[in-house]
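# next comes the sequence, and after it the predicted model I'd like to discuss.
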Amino acid sequence: MAPAVKVYGWAMSPFVARALLCLEEAGVEYELVPMIPEAGDHLRPDFLAKNPFGQVPVLEDGDLTLFESRAIARHVLRKYKPELLAGDGSPAAAAMVDVWLEVEAQQHHAPTGAIMLQCIVVPLRGGVRDQAVVDENVAKLRKVLEVYEARLSASRYLAGESLTLADLSHFPMMRYFMDTEYKALVEALPHVKAWWEELKARPAARKVTELGVQSAERWAQEKGRAAVNQ
């Protein structure tokens, strides 16, 4: 029998990776429905019926269809592993998870994503990175990570003493950021570095990284075929 849970997208996307990471952490059997951006799979009518914005990921869980990776992550954990949303189960612990999820979305994501885009994505697409954009966001991220260092010097994880979605949600974008020369921002902060090393060593994180590498290889092959056929 096919798994009741399906994820549509390409695993090299950090947004798809966020959904996959939560499914892996929760031990949910799922099917990753592979898609190729170069082929325009996300713009086909059958996919747009699932997400009218034409973005990945999309999750199907039985009769429920969701898009937006953070909403998918919350649903998966709320249904299959709620302790990753609630810390020790108290209202205060759950509130701290919410706080640091907002920090990831509002403070950490933008500068990390901008650096990753300029240093990795733009060159892959044949462009030249805008160093001014990189420098501006490195300065922003340095300040953000100093706050993280203070927080992680007082608790093992961002929301307290147990791993939660507040930590996991950082992994997909940081995985790429740590492939840039600006990983030194993390390595200079001992508590942030230790937190990151523990996060990336988790079996679920290693599995999602492997899926991302496989997805990138398929994308490169598809891109090469498209270039030959032009």
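Ah, there it is.

# next, Leu59: phi, psi?
Phi and psi for Leu59, reported as degrees, to the nearest 10, are phi -120, psi 130.

# show me the beta-bridge partners of it.
Per DSSP bridges, the residues bridged to Leu59 are Val7, Leu66.

# for the most centrally placed residue in the chain, give me its contacts.
When CA atoms, centre = their mean is applied to the chain, the residue found nearest the centroid is Pro172 (2.8 Å). Listed by CB atoms under 8 Å, 6 or more residues apart in numbering, the contact partners of Pro172 are Pro14, Phe15, Ala17, Arg18, Leu21, Val208. For glycine as for every other residue, the C-beta is placed from the backbone atoms N, C-alpha and C.

# make it 6 Å
By CB atoms under 6 Å, 6 or more residues apart in numbering, the contact set of Pro172 is Pro14, Ala17, Arg18.

# which helix or strand contains the closest residue to the first one other than its chain neighbours?
Spelled out, that is Pro14. Excluding its sequence neighbours, the residue lying closest to Pro14 (CB to CB, 6 or more residues apart in numbering) is Pro172, at 3.5 Å. Secondary structure assignment for Pro172, by DSSP states H and E: helix 171-177.

# cross-check the contact I'm expecting between Leu141 and Gly113.
No - the pair formed by Leu141 and Gly113 falls short of the contact definition of CB atoms under 6 Å, at 10.1 Å.

# mind checking which helix or strand of this protein has the lowest mean pLDDT?
One helix or strand of the chain scores below all others by mean pLDDT, DSSP states H and E: helix 203-229, with a mean of 79.

# what residues sit buried inside that helix?
Using 16 or more other CB atoms under 10 Å as the test for burial, helix 203-229 gives Ala204, Ala205, Lys207, Val208, Thr209, Leu211, Gly212, Ser215, Arg218, Trp219, Lys223.

# what does stretch 31-47 give?
Buried, per 16+ other CB under 10 Å, within stretch 31-47: Leu32, Met35, Ile36, Pro37, Glu38, Asp41, His42, Phe47.

# how about the fifth one, phi and psi?
What it means is Glu38. According to degrees, to the nearest 10, Glu38 has phi -60, psi -30.

# against Trp10, how distant is it?
10 Å (CB to CB, to the nearest Å).

# just to revisit the earlier point, of Leu141 and Gly113, which one has the most company?
Leu141 (22 against 16; other CB atoms under 10 Å).

# the more buried one: what's it in contact with?
Contacts of Leu141 by CB under 6 Å, 6+ apart are Pro111.

# 7 Å - rerun?
The contact partners of Leu141, by CB atoms under 7 Å, 6 or more residues apart in numbering, come to Pro111, Thr112, Ile115, Leu185.

# Tyr148 now?
So Tyr148 contacts Val192 (CB under 7 Å, 6+ apart).

# tell me the confidence at it?
The score at Tyr148 is 98. That number is its pLDDT.

# now it: which helix or strand?
helix 131-152.

# going along the chain from that helix, find the next helix or strand for me.
Counting by DSSP H and E, what follows helix 131-152 is helix 165-168.
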